[in-house]
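J.: Okay, predicted coordinates and the sequence, questions at the end:
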Amino acid sequence: MLALLLLAVGCKDAALDDSGLPLAAVEAGEWLPGGDATNTLLMGSNAYLMPAANLDPEHEQMFYSGNSFFNQSWVEAPASTANRDGLGPLFNARSCSGCHLKDGRAAPPEDGVGPFVGLLLRLSVPGEPAPAPDPVYGGQLQDIALPGVTVEAVPSITWAEAPGAYPDGAAYSLAAPTYHLDEPGYGPLPDDLRVSPRVAPAMIGLGLLEAIPEARLAALEDPDDADGDGISGRRQAAVDVLTGEAVTGRFGWKAEQPTVAQQAAGAFAGDLGVTSTLFPADDCTPAQACPPESSGGDPEIEDHLLERVVLYSRAVAVPARRAWDDETVLRGKWLFGEVGCDGCHTPNHTTGDFAALPELGGQSIWPYTDLLLHDMGEGLSDERPSGVAEGREWRTAPLWGLGLVPTVNGHSRYLHDGRARSLEEAILWHGGEAEAARDDFMALSAADRDAVLVFLEDL
Ligand code: HEC
Ligand code: HEC
């Protein structure tokens, strides 16, 4: 068995299918994208709900406890249930799982009308040296409020269809969104307000991404495109709020947050209006004069409970591949490399020591991302700089688990704001540094384009 595997890895790209077309080889371990932490037990609509398979019993217990806090609805303070009061006064949802449904991803509303479920609008105004949250509306739009508190605004989306065609004549159409904010509750919105729409991503494999060594990400960087492949890529600059240290950003669509803990505490404050020791203030600005009696304690979520939600958020397992050795999948995998998708969607990393959850260390993982920022062209720009990222720059989205989105969440919406209605549309939106790869994909035969999609569906 081992000899066979070595042989397969050794003869990479050598195999041919029945019609003589090259296939990629099966690589050791690629069917377990999360290494020993992979979920091999449960597929179907609950495929994202499993704990990392190698958690020790104590951590597994904390996982399930964290899971219940991730799912529970927070309520207005004061309430008899002190562990879950402190919602709002301004908020986007009542629970984490309200947006991260079944630990999967959210989609924009079909009719474009708010309140949005799992689609956040981040806000800022230009400033020196860096853009700043809007002085009145804060860092994100909250479109729900406690009774007696004014809602910030009513968001909606309109779509413009733009038809296009492949070189072989096959037609497609992309729907470009425009975002609107009506009925502002706290005075007119500034003319220079910047709005960045983001859907809630899946919760799988996040601790493994956190455990990729900084040095590995630094080695993948090529900010000035020294190798001349048209793809640069740089790390997002973030600050670890706990230590004050400058570190690499990893989480969120522009990689603004460096750790799962910071992303989770930020979500409590920003999305639910629940304060923590990490983020003692929610997103209610002085100009909004939110009622002080809505506080559910100081902080509203205690450290030991936040810790469980953080452990949970780190330890949700990545599902195993289903058809990694299928011939069409291997054809698609070969083409994925051939057209240069792997210039950003780096297939494989080995995690380093991870003190926060040692089980996630030393794993060979297959997330298909370099976690770096790339210029994706004007079509995907939100025109809102954030950290070192320009409007056109986004973090390479991990592709693991992607094929199960329709099964788990009942939709097939992709990209940072869910604008793509299929994996194919997601590829067609690629521009900027990814333009050459997109063009090469478009130039493939219909059967080969399909093989790439079949490969993605197996991740
Ligand atoms: C209103 C919807 C919403 C709610 C509620 C919400 N999230 Fe999120 N979550 C998002 C969005 C949107 C992102 C992407 C953020 C970005 O790009 O800035 C995200 C990203 C994350 C990430 C990083 C994922 C990645 O791939 O980078 C983690 C971890 C996370 N959320 C945890 C939580 C936790 C824990 C809670 C509950 C305290 C929560 N979220 C509540 C919408 C939500
Ligand atoms: C220059 C870097 C780069 C290259 C090359 C590239 N991508 Fe991407 N890809 C990204 C980034 C960045 C995103 C996130 C963009 C966004 O959400 O606006 C992304 C998103 C995606 C998504 C959607 C993921 C999600 O979670 O919604 C898919 C699917 C995808 N890429 C497939 C491909 C394929 C297939 C190719 C080759 C034809 C490719 N990519 C080439 C950088 C790249």
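T.: Good, I have the coordinates. Ligands and ions are numbered 1, 2, ... in the order given.

J.: isn't there a strand covering Ser173?
T.: Yes. Under DSSP: H, G, I helix; E, B strand; the rest coil, Ser173 sits within a strand.

J.: what about it, how many neighbours?
T.: Residues near Ser173, counting by other CB atoms under 10 Å, number 12. C-betas here are computed from N, CA, C, even on glycine.

J.: distance of it from ligand 2?
T.: Plainly put, Ser173 is 18 Å away from ligand 2 if you go by CB to the nearest ligand atom, to the nearest Å.

J.: who in the stretch 1-150 of the chain is up against ligand 1?
T.: 92-93, 96, 98-100, 118, 120 (CB under 6 Å from any ligand atom).

J.: how about these, which pair is most distant?
T.: Cys96 and Leu120 (12.8 Å; CB to CB).

J.: Between these two, which contacts overlap?
T.: By CB atoms under 8 Å, 6 or more residues apart in numbering, Cys96 and Leu120 have these common neighbours: Asp271.

J.: so after the worst-scoring helix or strand of the chain on mean pLDDT, what's the next helix or strand?
T.: Ranked by mean pLDDT, DSSP states H and E, the weakest helix or strand in the chain is helix 2-10, scoring a mean of 43. Remark: after helix 2-10, the chain's next helix or strand is helix 57-71, criterion DSSP states H and E.

J.: Tell me the buried residues in that next one?
T.: Using 16 or more other CB atoms under 10 Å as the test for burial, helix 57-71 gives 59-60, 62-63, 65-67, 69-70.

J.: Could you save the residues of the stretch 1-150 of the chain next to ligand 1 as JSON lines and add columns showing pLDDT?
T.: Formatted as JSON lines, these follow (pLDDT from 0 to 100):
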{"residue": "Asn92", "pLDDT": "94"}
{"residue": "Ala93", "pLDDT": "95"}
{"residue": "Cys96", "pLDDT": "97"}
{"residue": "Gly98", "pLDDT": "96"}
{"residue": "Cys99", "pLDDT": "97"}
{"residue": "His100", "pLDDT": "97"}
{"residue": "Gly118", "pLDDT": "95"}
{"residue": "Leu120", "pLDDT": "97"}
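
J.: Reformat the buried residues of helix 57-71 into CSV and put pLDDT next to each item.
T.: CSV is the format used below for the buried residues of helix 57-71 (pLDDT from 0 to 100):
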residue, pLDDT
His59, 98
Glu60, 98
Met62, 97
Phe63, 98
Ser65, 97
Gly66, 97
Asn67, 97
Phe69, 96
Phe70, 97
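
J.: Give the single residue among those positioned nearest to Val329.
T.: Phe63 (31.0 Å).

J.: Hmm, Pro51 and that closest one touching each other?
T.: Yes. With contacts counted by CB atoms under 8 Å, Phe63 reaches Pro51, the gap being 4.4 Å.

J.: Now do the shared contacts for the two.
T.: With CB under 8 Å, 6+ apart as the test, Phe63 and Pro51 both reach Ala315.

J.: picking that back up, can I get the residues of the stretch 1-150 of the chain next to ligand 1 in a markdown table with secondary structure, neighbour count and distance to ligand 2?
T.: Supplementary listing: those in a markdown table, determined by DSSP: H, G, I helix; E, B strand; the rest coil; neighbours: other CB atoms under 10 Å; distance: CB to the nearest ligand atom, whole Å:
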| residue | secondary structure | neighbour count | distance to ligand 2 |
| --- | --- | --- | --- |
| Asn92 | coil | 26 | 20 |
| Ala93 | coil | 25 | 20 |
| Cys96 | helix | 25 | 19 |
| Gly98 | helix | 19 | 20 |
| Cys99 | coil | 21 | 15 |
| His100 | coil | 24 | 14 |
| Gly118 | coil | 24 | 13 |
| Leu120 | strand | 26 | 14 |
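
J.: out of those, who's nearest Gln262?
T.: Cys96 (14.8 Å).

J.: Around the residue nearest to Leu453 when sequence neighbours are not counted, how many other residues sit close by?
T.: Excluding the flanking residues, the one nearest Leu453 by CB to CB, 6 or more residues apart in numbering is Leu423, at 5.4 Å. Counted with other CB under 10 Å, the neighbours of Leu423 add up to 22.

J.: Stretch 36-49 and ligand 2 in contact?
T.: No. Stretch 36-49 is not in contact with ligand 2 by CB under 6 Å from any ligand atom; minimum separation 13.3 Å.

J.: Renumber starting at 734 from here on
T.: In the new numbering, first residue 734, that becomes stretch 769-782.

J.: which one of the buried residues of helix 790-804 is nearest ligand 2?
T.: Phe803 (20.5 Å; CB to the nearest ligand atom).

J.: Help me confirm that that closest one comes into contact with Val1043.
T.: No. Using CB under 8 Å as the test, Phe803 is too far from Val1043 to be in contact (10.1 Å).

J.: does Ala1167 count as helix, strand or coil?
T.: Ala1167 - assigned by three-state DSSP - is helix.

J.: now swap in Ala840 and tell me
T.: Ala840 ends up coil, using three-state DSSP.

J.: try Val1141
T.: Assignment for Val1141 (three-state DSSP): helix.

J.: That one - nearest residue in space that isn't next to it in sequence?
T.: Val1141 sits nearest to Gly837 (CB to CB, 6+ apart), 4.2 Å away.

J.: quick one: contacts for the one you found?
T.: Per CB under 8 Å, 6+ apart, neighbours of Gly837: 781, 935-936, 1138, 1141-1142.

J.: if you set the cut-off to 7 Å instead, what comes out?
T.: 781, 935, 1138, 1141-1142 (CB atoms under 7 Å, 6 or more residues apart in numbering).
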